[in-house]
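**Student:** Attaching a predicted model along with its sequence, questions to come.
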Amino acid sequence: MKQFIQRRLKNLAVWWVFVLSMPACSADLAPWANPERSERLRFGAEISLGSRDADPSTPFLRYAADNRLFAVWTEDHDTPLPQGRASSDHHGMSGKMAPSPMRNVYLAASSDGGKTWAPPKRVNSETEAVQGEENGPKVAFDKNSRAYVVWSIPGGNGDKTRANIRFAMENDKGGFTPARTLNEVNDAARFPIIEATPDGNFLIAWIDRRIDNPKPRQLYLMKMGADGRALTKNYQAGEGLCECCKLGLVFADGGKTVYMVDREVDRNKIRNHVLRKSTDGAATFGAPVEISNDGWQVPSCPHSGPSIGRDSRGWLHVTWFTVGRSEQEAGIYYSVSTDDGKSFAPRRLVHANTAPEILYNNLSVGDDDRVYLTWTNLDSYGKAQVFVRTLLADGQTWSPIQQISRAQGNTSRPVLALRNKQLQVAWTEIDGENSRVVFRSAEVGQ
């Protein structure tokens, strides 16, 4: 451990030597060149979600129409893996296998902005190896605040890279419908997202590998009615996606316009992010628009996708992680499109990478057009912690960087929810083989 900390401190020292040597006018690599506001968000105490004995992890937050805040996450199941099935890990920071690879999906609600939570409900009807981390479960709600949940499980032979998308929705008896598979070609789909469309239906997207040539990894979609019935078959909307990075999705014009972001990989293994735009309700998409040419050449997927939000002016805000063309460029970056996705401003650094580690990010846009960002980075002790920062509506003024976790182990993949001037943040904390879901809340926009 002593050597590990010393190595992290050395990396941090090297990074600051680089920073101090940079030109002050570098807008690309110096976010502090923009003016900062001195105020800091005041977060309440940490709250743990789920059963500590079951190693909760991989939370996702979302508000329902009735203003209840919901959290969905996974927990260990005490049922052993069926004989002959390969296991898959879900504790990505530790790099070790959990005692049991079988996981359940749980959903809980809060009526007071996260101060107290109702007992969680199990979503999946069958015992499954529910996947987590970047591939964790997602939830959306209809106008009556009924929950619709998607998640991913390994394929028939236990291969987590050839997985299946599962779906269940709340029934009228306080539980959930039996889970069913959404991808029409078995063992081909994972990293699902689900969003309620303005017309009351649902759009589900995922990364698909039913066609691996000539370009690997396809973007597939399907539409679903509020009754849970499929309105379309699975259909392809893009190609050339990175293997394991989450997708982002927002609507405009009453759902007629759909924006999606994903990480692409070219034949030279350079991985940049693109925006895909549809003007016919996601039936078809135009050519992808590159958000930033970072030039990150890496042979395998980083498991760290982009995040997108849209404000009242129609500006599209995007954040992402990249190493770029050298480790000195590595960090969380931000860009904005003010012309409806036709182009993006030069990237701006949110937080420099303090060591050669993969970072994870999420953003949310407030009604006041402020952009709230959360991400992970290493502290001076070599621990992955959660940070937040705010970009004011002028698009130039940043708040200071705040660290809001004090994990003894490492944190992973923070997520956001925002409503009624309350910013909610949740993440996974991992210490050895054990994990827990942590939640904090702050007032914003004051």
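**Tutor:** Happy to help now that I have it.
**Student:** quick one, phi/psi of Ala252?
**Tutor:** phi -150, psi 170 (degrees, to the nearest 10).
**Student:** Contacts only, for it.
**Tutor:** Neighbouring residues of Ala252 by C-beta atoms under 8 Å, 6 or more residues apart in numbering: 258-259, 310, 314. (C-beta placed from N, C-alpha, C; glycine too.)
**Student:** Now flag whichever of the residues you listed is closest to Asn362.
**Tutor:** Nearest to Asn362 out of those is Arg310 (C-beta to C-beta; 14.8 Å).
**Student:** State the three-state secondary structure for the residue lying closest to that closest one once chain neighbours are set aside.
**Tutor:** Leaving aside its chain neighbours, Arg310 sits nearest to Val250 (4.6 Å; criterion: C-beta to C-beta, 6 or more residues apart in numbering). Secondary structure for Val250, judged by DSSP: H, G, I helix; E, B strand; the rest coil, is strand.
**Student:** From His317, how far off is Val250?
**Tutor:** 10 Å (C-beta to C-beta, to the nearest Å).
**Student:** out of these two, which sits in the busier spot?
**Tutor:** For Val250 versus His317, neighbours defined as other C-beta atoms under 10 Å are more numerous around His317 (22 against 16).
**Student:** For Val250 and His317, list the residues in contact with both.
**Tutor:** In terms of C-beta under 8 Å, 6+ apart, Val250 and His317 are both contacted by the residues 308-310.
**Student:** In strands, which of those appear?
**Tutor:** 308-310 (DSSP state E).
**Student:** Make CSV out of these and add distance to Thr74, neighbour count and pLDDT.
**Tutor:** Output for these, formatted as CSV (distance: C-beta to C-beta, whole Å; neighbours: other C-beta atoms under 10 Å; pLDDT from 0 to 100):
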residue, distance to Thr74, neighbour count, pLDDT
Ile308, 24, 23, 98
Gly309, 25, 24, 98
Arg310, 29, 17, 98
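**Student:** returning to what we had before: how close does the residue nearest to Arg310 sit to Ser364?
**Tutor:** For Val250 relative to Ser364 (C-beta to C-beta), the value is 11 Å.
**Student:** who touches both of the two?
**Tutor:** Gly309.
**Student:** Quick check: Asp369 touching Arg310?
**Tutor:** No: shown here, Asp369 and Arg310 do not form a contact pair, counting by C-beta atoms under 8 Å, at 10.0 Å.
**Student:** for the stretch 251-400 of the chain, what spans make up the strands?
**Tutor:** 257-265, 271-278, 289-290, 307-310, 316-322, 331-337, 348-352, 361-365, 371-378, 384-391 (DSSP state E, counting those that start in this stretch).
**Student:** Format those as CSV; extra columns: distance to Thr161.
**Tutor:** Formatted as CSV, those follow (distance: least, C-beta to C-beta, whole Å):
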stretch, distance to Thr161
strand 257-265, 15
strand 271-278, 17
strand 289-290, 26
strand 307-310, 23
strand 316-322, 21
strand 331-337, 26
strand 348-352, 30
strand 361-365, 23
strand 371-378, 24
strand 384-391, 24
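**Student:** hang on, isn't the residue nearest to Arg310 packed against Arg276?
**Tutor:** No: under the criterion of C-beta under 8 Å, Val250 makes no contact with Arg276, lying 11.5 Å away.
**Student:** Return every residue with contacts to both of those two.
**Tutor:** Tyr259.
**Student:** Pass me the low-pLDDT residue ranges in the protein, would you?
**Tutor:** Within the chain, the segments meeting pLDDT under 70 span 1-38, 79-100, 446.
**Student:** where along it do the helices fall?
**Tutor:** Secondary structure of the chain (DSSP state H): helices at 2-20.
**Student:** Same question for stretch 150-163: list its buried residues.
**Tutor:** 150-155, 158, 160, 162-163 (16 or more other C-beta atoms under 10 Å).
**Student:** Kindly reformat the contacts of Ala252 as CSV containing distance to Gln396.
**Tutor:** Below are those laid out as CSV (distance: C-beta to C-beta, whole Å):
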residue, distance to Gln396
Val258, 29
Tyr259, 23
Arg310, 19
Gly314, 18
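**Student:** So how do I select the buried members of these in PyMOL?
**Tutor:** Those of these that count as buried under 16+ other C-beta under 10 Å are selected in PyMOL with:
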select buried, resi 258+259+310
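**Student:** Can you tell me which of the contacts of Ala252 is closest to Glu443?
**Tutor:** Nearest to Glu443 among those, with distances taken as C-beta to C-beta, is Arg310, at 23.1 Å.
**Student:** partner residues bridging the closest one?
**Tutor:** Bridge pairing for Arg310 (DSSP bridges) gives the partners Leu316.
**Student:** Does it touch Tyr259 like I think?
**Tutor:** Yes: here Arg310 reaches Tyr259: they are 7.0 Å apart, a contact under C-beta under 8 Å.
**Student:** Identify the contacts common to those two.
**Tutor:** Joint contacts of Arg310 and Tyr259 (C-beta under 8 Å, 6+ apart) are 250, 252, 316.
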